[in-house]
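Chemist: okay, predicted coordinates and the sequence, questions at the end:
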Number of protein chains: 4
Amino acid sequence: MAAHHFTPDHYFSTIGSHEPVLRIADGDTVVTTTIDAGGFDGTDQRAHPGGNPQTGPFYVEGAEQGDALAVRLDSITPNRRRGFSATVIAERVLDPDFVRGLPEQTLVDWDVDVAAGTVRLGDLVLPIAPMIGCFGVAPPRGQAISTGTSSTHGGNMDYRGHVAGVTVYFPVAVEGALFHIGDGHAVQGDGEIVGTGVEISMDVRFTVHVIKHTNIQWPRTENDDYIMALGNARPLDEALQYATTELVRWLAHDYGMDTRAASILLGQTIEYEIGNVFDPAYTVVAKLRKKWLPAAR
Amino acid sequence: MAAHHFTPDHYFSTIGSHEPVLRIADGDTVVTTTIDAGGFDGTDQRAHPGGNPQTGPFYVEGAEQGDALAVRLDSITPNRRRGFSATVIAERVLDPDFVRGLPEQTLVDWDVDVAAGTVRLGDLVLPIAPMIGCFGVAPPRGQAISTGTSSTHGGNMDYRGHVAGVTVYFPVAVEGALFHIGDGHAVQGDGEIVGTGVEISMDVRFTVHVIKHTNIQWPRTENDDYIMALGNARPLDEALQYATTELVRWLAHDYGMDTRAASILLGQTIEYEIGNVFDPAYTVVAKLRKKWLPAAR
Amino acid sequence: MAAHHFTPDHYFSTIGSHEPVLRIADGDTVVTTTIDAGGFDGTDQRAHPGGNPQTGPFYVEGAEQGDALAVRLDSITPNRRRGFSATVIAERVLDPDFVRGLPEQTLVDWDVDVAAGTVRLGDLVLPIAPMIGCFGVAPPRGQAISTGTSSTHGGNMDYRGHVAGVTVYFPVAVEGALFHIGDGHAVQGDGEIVGTGVEISMDVRFTVHVIKHTNIQWPRTENDDYIMALGNARPLDEALQYATTELVRWLAHDYGMDTRAASILLGQTIEYEIGNVFDPAYTVVAKLRKKWLPAAR
Amino acid sequence: MAAHHFTPDHYFSTIGSHEPVLRIADGDTVVTTTIDAGGFDGTDQRAHPGGNPQTGPFYVEGAEQGDALAVRLDSITPNRRRGFSATVIAERVLDPDFVRGLPEQTLVDWDVDVAAGTVRLGDLVLPIAPMIGCFGVAPPRGQAISTGTSSTHGGNMDYRGHVAGVTVYFPVAVEGALFHIGDGHAVQGDGEIVGTGVEISMDVRFTVHVIKHTNIQWPRTENDDYIMALGNARPLDEALQYATTELVRWLAHDYGMDTRAASILLGQTIEYEIGNVFDPAYTVVAKLRKKWLPAAR
């Protein structure tokens, strides 16, 4: 259960089977940093070209295809004051008839004050809510998938529920899992509809566990109150299909519920959230309150 | 500000320019009943064929094309014990690769106990959360739109946020607005993914107001904490486009925010909910907390 | 087998259970006229507001729910010189990133010369190819569906294969079928991507037959070389699903092919065309050459 | 203008920046072979795992980011008798309500007779029509994209118009372009709706040219009669948006047509075909007959 302090000196623009930067054991913790979506680090220096560059990959001993890699986000803390966001809702998120009149897209800086717990742009002051936009494990068959998008391996899901305290499970496709992490946001609305959150570099700390013999096919997330499954695809309908099916699969494997029992329960209790509707693959989160699980009833 | 007690003796399977059952004034309240989605009334007798039969339409004096009809749901209370739901998640909500193995669809009865505040099926006991699945005003150009679907006029949106206490605004397309209401659910998950909530007949009470000279194009909803805009279409992406754009339009017209100001705000604060992903048109709700409105800051 | 000469004096903006303008028998022929999508007749006078106004409905004796109404388009001939079209591809048909720079939409007139067989705009001269954009039968459950869209009943499919000589089969939902017809185009590309063909009024002649006891669920079309099934929905994927499934259903019912035999054949021979990608429901046509039918092999 | 005879000894399951197998010059021709989608070669021996393994990549001297690589398919000839196909239409291509009753998916062998020009399964005899399902150039930013899907770089488009005689243009993203080719079909219907054509190994011969300074963003194809642009995405609507926009861009850059002129022309003349509706990204082809080009009028 070692804690590794890792200082990155290079980053990746794809999630793939790259040379690991560190080998860690099941149960280990890593304390490291991520640079922002534009490639700027905690000192506001450009460390890599933009596009959600990733810290890692971290090789987790014992992880094999068919396992799940559980990653607990222990802490996610912006490590500088300047954040930035875009200022115009993306064309694809608006009625096509409304697009012609849009103003030009620009970027603006926000003041991120961790001590005060705020993110400020002029007179707009929002509570800080740090989250990870893009993280995941190496995908199967030698793919190297752009950090601009997402799929079964995780990636750029931009779900604002990925905050400190949650545990995310990824389907392991290659030996060692090869975990990547980056693209922190100080705050973000549902859908990442301007194409950014308040983008910022982060100090992150996470702990990994290997779960053997799961039936996981898509990323899953768990917090104190909910179990959640994520689907990443276009259109949203398809992301929702994958998320819903993964939640049904989870209820079958871990809670012994057949499809009818899961349907009756989820039909009246499921909740959906939308990760992003900006990236090449959109993200839908299917959630069930733990208090409705059979064991809790 | 009269209160009308209206007992329906016929129902409609479309929302259209039908002969009004009652003429009411701006500010009036109606106390009436709705039958369930299958056409069964508060005594569990079949009163109409299934398919979300509607009570109404109610002609609201002074309502004209270009206005909004505001309908406050004062109370929605199940008026019998038996509710029913389907038991298998709809094919269209699941990964197509998962569909072949689905069990057959059936209906089951639930016990709806208003006094206890519960909805029960065997050992599954959920808190009651009564909502209206289908309501709206006559659509434009003489259309009569099936109560199985939804569009700009409202209709079968199946949004579980449509509970007592909210005010819903519909774009008026014909003189008198012609408001219809039906399809109550004792409880429902997001997405209405089995194709039903816990379907039940209701005692309903609502109050109408005519809002002149709005720029409303899609249904809008308001409660104590949120303003919300609804888009009804397929795929979900398109429903989300309409909902987002309507919220931007609302911020422009009522709060003086240009598209850039609205984008900066919504980019970091918008929330989405999913009404249904079962009907021919799906429903997405775009929400903004009132505390982020300029006037509240 | 009477031939009825019918001169319309009113039109409808929905396809629904309107009062029939004429009762005809199985096998009868109707010779009549249609006005253009904007409501202008053969003398270029406005006869009705725009939006694909329909001639009819025609009540066909003996047609009942569960039957198919076969409509042979005997002739479709523009009855004036002026046609018109829009001039800018619709926002929804283009990459959203390309929309901001679009010029304003306008209408232009074309010269339609039936004798010469041409449709001309400046130096652009295309061969005339007259087709019907919008036609169909009354939909079920009392709906009145806008002539701007399409569904199982037919409607605004804008398929350029609907030319003289084809027979179209519609699923009958009400007694008498109630056939409507309008929205002629002198020529049109796939997808009706500017939102119009070259819109024009027409002299039309058609012959009806009632087919009892079919399993038809969506419109079907037949010409000398192909059997075709049409699906009308959004997104295109869903229109394609309906069209493909209807073709499989047709092969099962009329040609005794089970799903595997139909799959093997269609997998290597099916052809798709796109009706429109402009209206609220898009149209996909699934086609099979008759020479691949079992009987023809 | 050399002709290179190249015998592959390994294959790739992604299209990416792999070590080139051969360096060729602008104008050169390559004579080589491809193995089938399942990894079987011309002697019906397994040479690689399944999933559209690719021959190549070929490094083309002088090709740089911003160029187009033109690949003329000189000849494509099956080099063995056995082809195979799947036998059940994919779930995703059918009405979800129809999926539950589908038979199990299986594979069957076809007899491919190049001399006779036929592809035969029992009494079903189709004319041979050899095509390439999957080919393309290395994508940008270090991605390695699965040969199961497609994007701007080409890939698994499964368009049956990709036959001998056509020239395909790919947007070059890396130095040398890095061209890959594989996945031959002896015949295939539109949409590749069973998930395969008649899959077979091929003798292929192709010739490359580097086109400097184009505005190409998506693959383009040209034959004697048509210019065509391909869009690869889900849903089909989005693939169609990219294809249509690329055709407009082509008309602007090479034929001097502004968006309005291109719209007027394409509105009445564009044709669409569907490549596949089976892979993670679907393919739509937007086509314009060369005789409608300004120069030809």
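Modeler: Here it is on my side, so go on.

Chemist: so what's the residue in the stretch 51-200 of chain A positioned nearest to chain D scoring on pLDDT?
Modeler: For the stretch 51-200 of chain A, the residue positioned closest to chain D under CB to the nearest CB is A:Ala144, at a distance of 4.1 Å. Every residue, glycine included, has its C-beta placed from N, CA and C. Here the pLDDT value assigned to A:Ala144 is 98.

Chemist: how about the residue nearest to it when sequence neighbours are not counted, phi and psi?
Modeler: Leaving aside its chain neighbours, A:Ala144 sits nearest to A:Gly16 (3.0 Å; criterion: CB to CB, 6 or more residues apart in numbering or on different chains). In terms of degrees, to the nearest 10, the main-chain angles of A:Gly16 are phi -160, psi -170.

Chemist: with A:Leu230 instead?
Modeler: Dihedral angles (degrees, to the nearest 10) for A:Leu230: phi -110, psi 140.

Chemist: wait, it sits on A:Thr244?
Modeler: No - taking CB atoms under 8 Å as the definition, A:Leu230 is not a contact partner of A:Thr244, at 10.9 Å.

Chemist: and for these two, which residues touch both?
Modeler: The overlap between the contact sets of A:Leu230 and A:Thr244 (CB atoms under 8 Å, 6 or more residues apart in numbering or on different chains) consists of A:Ala286.

Chemist: next up, the contacts around the residue of the stretch 51-200 of chain A closest to chain D.
Modeler: Neighbouring residues of A:Ala144 by CB under 8 Å, 6+ apart: A:14-18, D:14, D:16, D:142-144.

Chemist: try 7 Å
Modeler: A:14, A:16, D:16, D:142-144 (CB atoms under 7 Å, 6 or more residues apart in numbering or on different chains).

Chemist: would you mind measuring from it to A:Ala239?
Modeler: Taking CB to CB, to the nearest Å as the criterion, A:Ala144 is separated from A:Ala239 by 22 Å.

Chemist: ditto for A:Asp158
Modeler: From A:Asp158 over to A:Ala239 the distance is 12 Å, taken as CB to CB.

Chemist: helix/strand/coil for A:Asp254?
Modeler: Using DSSP: H, G, I helix; E, B strand; the rest coil, the three-state assignment for A:Asp254 comes out as helix.

Chemist: ok, now the one 10 residues further on?
Modeler: When classified by three-state DSSP, A:Ile264 comes out as helix.

Chemist: next: A:Ala295.
Modeler: Reduced to three states with three-state DSSP, the structure at A:Ala295 is helix.

Chemist: what about the closest residue to it other than its chain neighbours, how many neighbours?
Modeler: Once flanking residues are discounted, A:Ala295 sits nearest to A:Tyr255: 7.0 Å by CB to CB, 6+ apart. Each residue near A:Tyr255 was counted by other CB atoms under 10 Å in any protein chain shown, and the total is 15.

Chemist: would you check that A:Tyr255 makes contact with A:Leu293?
Modeler: Yes - checked against CB atoms under 7 Å, the pair A:Tyr255 and A:Leu293 is within contact range at 6.0 Å.

Chemist: which pLDDT value does the model give the residue nearest to A:Ala295?
Modeler: In this prediction, A:Tyr255 carries a pLDDT score of 96.

Chemist: show me the beta-bridge partners of A:Val119.
Modeler: Per DSSP bridges, residues listed as beta-bridge partners of A:Val119: A:Val112, A:Leu126.

Chemist: just checking, it touches A:Val112?
Modeler: Yes - using CB under 7 Å, A:Val119 makes contact with A:Val112 at a distance of 5.3 Å.

Chemist: so what sits against both of these two?
Modeler: Counting by CB under 7 Å, 6+ apart, the contacts common to A:Val119 and A:Val112 are A:83, A:128, A:186, A:198.

Chemist: tell me how far the closest residue to A:Gly154 other than its chain neighbours lies from A:Thr147.
Modeler: The shortest distance from A:Gly154 to any residue that is not its chain neighbour, by CB to CB, 6+ apart, is 2.5 Å, and that residue is A:Gly136. Between A:Gly136 and A:Thr147 the computed distance is 9 Å (CB to CB).

Chemist: where along the stretch 101-250 of chain A do the strands fall?
Modeler: Secondary structure of the stretch 101-250 of chain A (DSSP state E, counting those that start in this stretch): strands at A:107-113, A:118-121, A:124-127, A:131-137, A:145-146, A:150-151, A:154-156, A:167-171, A:179-185, A:199-200, A:202-211, A:220-222, A:226-233.

Chemist: so what are the sheet partners of the fifth one and their directions?
Modeler: On the basis of DSSP bridges, the sheet neighbours of strand A:145-146 come out as strand A:14-15 (antiparallel).

Chemist: give me the residues contacting the partner strand.
Modeler: For strand A:14-15, the external contacting residues (CB under 7 Å, 6+ apart) are A:54, A:136, A:138-139, A:144-147, A:153, A:155, A:180, D:141-143.

Chemist: next SSE downstream of it?
Modeler: With elements assigned by DSSP states H and E, the helix or strand that comes after strand A:14-15 is strand A:22-24.

Chemist: so how far is that following strand off the chain centroid?
Modeler: Using CA atoms, centre = their mean, to the nearest Å, the mean C-alpha position of strand A:22-24 is found 21 Å from that of the whole chain.

Chemist: quick check: buried residues in it?
Modeler: With burial defined by 16 or more other CB atoms under 10 Å in any protein chain shown, the residues of strand A:22-24 counted as buried are A:22, A:24.

Chemist: just give me the neighbour total for the closest residue in space to A:Leu230 that isn't next to it in sequence.
Modeler: Of all residues beyond its chain neighbours, the one nearest A:Leu230 is A:Pro219 (4.5 Å), with distances taken as CB to CB, 6+ apart. Counted with other CB under 10 Å, the neighbours of A:Pro219 add up to 32.

Chemist: what about A:Pro219, distance to B:Ile145?
Modeler: Relative to B:Ile145, A:Pro219 is positioned 39 Å away (criterion: CB to CB).

Chemist: cool, A:Thr214 as well?
Modeler: According to CB to CB, A:Thr214 stands 46 Å off from B:Ile145.

Chemist: same check, this time on A:Arg82
Modeler: Computed as CB to CB, the A:Arg82 to B:Ile145 distance reads 51 Å.

Chemist: and those two? Which one has more around it.
Modeler: Neighbour comparison, A:Arg82 and B:Ile145: the larger count goes to B:Ile145, with 24 against 16 (by other CB under 10 Å).

Chemist: please verify my assumption that the more buried one contacts B:Gly155.
Modeler: Yes - with contact taken as CB under 7 Å, B:Ile145 and B:Gly155 are classed as touching, separated by 6.1 Å.

Chemist: so who does A:Gly148 touch?
Modeler: Contact criterion CB under 7 Å, 6+ apart gives A:51-52, A:156, A:279-280 as the residues in contact with A:Gly148.

Chemist: just the residues you listed: which are in strands?
Modeler: Within the contacts of A:Gly148, residues falling in strands by DSSP state E are A:Asn156.

Chemist: and the contacts of A:Gly148 as a markdown table, adding pLDDT and distance to chain C?
Modeler: Supplementary listing: those in a markdown table, determined by pLDDT from 0 to 100; distance: CB to the nearest CB, whole Å:
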| residue | pLDDT | distance to chain C |
| --- | --- | --- |
| A:Gly51 | 96 | 17 |
| A:Asn52 | 98 | 19 |
| A:Asn156 | 98 | 18 |
| A:Asp279 | 96 | 14 |
| A:Pro280 | 96 | 13 |
